[in-house]
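> What follows is a predicted structure for the sequence shown.
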Amino acid sequence: MFPMSFDEFLRAMKLDVLADHVKKASVEVPFSEEMHKKCLEQYSRFLLIGGMPEVVATYAEGGSLLECRKILNDLTGTFYDDFAKYKEKVAVSRLREVFDAVIHQTGRKFVLTNVQGLNNLQIKNCLELLELAGLIYPVTHTGANGLPLGAESNPKFRKFMLFDTGIYQRYLNLDAAAVLNFQTIEQVNKGALAEMAVALELKKAAPSDAPVELYYWRREKQGSSAEVDFVVQCGHEIVPVEVKSGTKGSMQSMFLFLKEKNSKFGIRASLENFGKYNDVLVVPLYAVGYCWIFLDT
């Protein structure tokens, strides 16, 4: 079970019509600026609140953001308390240290040596427990030269994402005003929040009979390194997905990937309206959850 997706959040807020519009949207017919702005405003609230049912229900019933924040604060403490369930397998303090390390390294390669006082085996055991508990999701490096993507995965190179944006922003005590102002999302924790939100939407929106394992691609080459945030399989195609937490940003890595892997197209998830740059489809961050429907059409 996952926390609520953005689609479920909109419907909980009685915004079914807006959700249906986003679901039916396409790069061929962009939204009006008014509609686009309305979606971004709701999406920024979703990033701040997250998808935990109790928090969403409180907000949907007229609760204030302050009330939602209090519930999130209580939940963060509850998760730490729940670590005691695993005390026979690993010390609670160690599990907490690794969990904290994941939070602070979200959006970039997880470095074991950044966790002080634990050896590599202890850290890996903690990561496995956190993953089994559904609190973190791995994004594993893949060579992406063919399908399945897991055939060329390298578990030594992984990023980890926390399971909920609301919980994430409370652990880090992010500036709520900055999160709510969708024009400054790119300034919030260097875009890690946006990348994490995309990862969660891709996981939540995948067909129930075909759960998605998340992958990313990185090329290490002197003077020419490149990285694509996510690589997904759509039918028999390998599709690169690059996340931009604003409306700008180059796509050198994307174009390099498309050329090297002979991929037909890629996806740019950003604060931009629906659109297209040659072989790159622009999908607003708020519409990423509909990608599987969108890509099959």
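Looks like it came in fine.
> low pLDDT regions in the stretch 151-297 of the chain?
182-190, 222-223, 292-297 (pLDDT under 70).
> Show me where it has its helices.
Assigned by DSSP state H, counting those that start in this stretch, the helices in the stretch 151-297 of the chain fall at 165-172, 176-180, 192-205, 252-261, 291-296.
> tell me what the longest one is packed against?
Of the remaining helices and strands, those touching helix 192-205 by 3 or more Cβ pairs under 8 Å, 6 or more residues apart in numbering; DSSP states H and E are strand 136-142, strand 153-162, helix 165-172, strand 214-219, strand 226-234, strand 237-243, helix 291-296. C-betas here are computed from N, CA, C, even on glycine.
> ok so, going back, mean neighbour count and distance to I103 added to the helices of the stretch 151-297 of the chain, as TSV?
Listed next are these as TSV, based on neighbours: other Cβ atoms under 10 Å; distance: least, Cβ to Cβ, whole Å:
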stretch	mean neighbour count	distance to I103
helix 165-172	22	5
helix 176-180	16	16
helix 192-205	23	10
helix 252-261	17	25
helix 291-296	16	26
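> mind checking which of those is nearest K87?
helix 165-172 (21.3 Å; Cβ to Cβ).
> what's the closest one in contact with?
3, 46-52, 55, 68-69, 72-73, 75-76, 79, 100, 103-104, 106, 162, 176, 179, 189, 193, 196-197, 200 (Cβ atoms under 8 Å, 6 or more residues apart in numbering).
> Could you write me a ChimeraX select line covering just the buried ones among those residues?
A single ChimeraX command selects the buried members of the contacts of helix 165-172 (16 or more other Cβ atoms under 10 Å):
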select :3,46,47,48,49,50,51,52,55,68,69,72,75,103,106,162,176,179,189,193,196,197,200
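> Mind checking which of the contacts of helix 165-172 land in strands?
L162 (DSSP state E).
> on that earlier part again, so which of the helices of the stretch 151-297 of the chain comes closest to V280?
helix 252-261 (6.1 Å).
> Tabulate the CA atom coordinates of the closest one in CSV.
C-alpha atoms of helix 252-261 as CSV (Å, rounded to 0.1, in the frame of the first residue of the first chain):
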residue,chain,number,x,y,z
GLN,A,252,22.3,17.4,-22.5
SER,A,253,22.1,14.1,-20.7
MET,A,254,18.7,13.3,-22.1
PHE,A,255,19.8,13.9,-25.7
LEU,A,256,23.0,11.9,-25.1
PHE,A,257,20.9,9.0,-23.8
LEU,A,258,18.5,9.1,-26.8
LYS,A,259,21.4,9.1,-29.2
GLU,A,260,23.4,6.3,-27.5
LYS,A,261,20.5,4.0,-26.7
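> From the chain's centroid, how far away is that helix?
22 Å (Cα atoms, centre = their mean, to the nearest Å).
> Kindly report the same for stretch 126-137.
With Cα atoms, centre = their mean, you get 16 Å for stretch 126-137.
> next one: stretch 60-71
Per Cα atoms, centre = their mean, the centroid offset for stretch 60-71 relative to its chain is 23 Å.
> Check the average confidence over it, would you?
Averaged over stretch 60-71, pLDDT sits at 95.
> With stretch 86-95 instead?
88.
> Need the residues that contact it.
With Cβ under 8 Å, 6+ apart as the criterion, stretch 86-95 contacts 83-84, 118, 122, 125-126, 129-130.
> Can you give me the distance of K159 to F230?
10 Å (Cβ to Cβ, to the nearest Å).
> which residues touch D16?
D16 touches L10, counting by Cβ under 8 Å, 6+ apart.
> Look at it and report its pLDDT.
On the pLDDT scale, D16 gets 97.
> still on that earlier bit, got a winner among the contacts of stretch 86-95 for most neighbours?
If you count neighbours using other Cβ atoms under 10 Å, the busiest of the contacts of stretch 86-95 is C126, which has 25 neighbours.
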